[in-house]
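Asker: Here is my input, please return the structure:
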Amino acid sequence: MSEFLRDYLTVAIFAGLAVGLLAAVLGIGSWVRPKNATGDKYVSYESGVDPVGHQWAQSPIRYYVFALLFVLFDVEAVFIFPWAIQLEVYGWFGAIEMIVFILLLALGLLYAWRKKVLQWV
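Answerer: Okay, the predicted model is just below:
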């Protein structure tokens, strides 16, 4: 058997072991867990407080947009840290590029503010 086929055989053996282990763990879990269904299992849990209202209430989209904007600006802020550490290496070119980057971020923040996305109602 060639080295090439032996490498693929090793990968196939490990993939088979992984699938077998997954099937075994899921099978043992379904065999061990309790199966008595009660009505309380289907009630939404709200930190020990009795649930109020319908369990499938839809959240307003503005909360998701607010969260996405937070993640966007948080991730963009992460790009500033490596630049700040290596500022002396980049020189004026790096400084001008970062000014452009921050201005684009400020423009996006201004746009979100003008569209009144940042108001938490």
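Asker: Only the buried residues of the worst-scoring helix or strand of the chain on mean pLDDT, if you could.
Answerer: Between all helices and strands in the chain, the lowest mean by mean pLDDT, DSSP states H and E belongs to helix 61-78, at a mean of 82. Across helix 61-78, burial judged by 16 or more other Cβ atoms under 10 Å covers Phe66. C-betas here are computed from N, CA, C, even on glycine.
Asker: which residues touch that helix?
Answerer: For helix 61-78, contacts defined as Cβ atoms under 8 Å, 6 or more residues apart in numbering pick out Leu105, Gly108, Leu109, Ala112, Val117, Leu118, Trp120, Val121.
Asker: 10 Å instead?
Answerer: Contacts to helix 61-78, defined as Cβ atoms under 10 Å, 6 or more residues apart in numbering, come from residues 60, 101-102, 104-105, 108-109, 112, 115-121.
Asker: now do stretch 114-121
Answerer: Pro60, Arg62, Tyr63, Val65, Phe66, Leu68, Leu69, Phe70, Leu109, Tyr111, Ala112, Trp113.
Asker: I appreciate the help and will end here.
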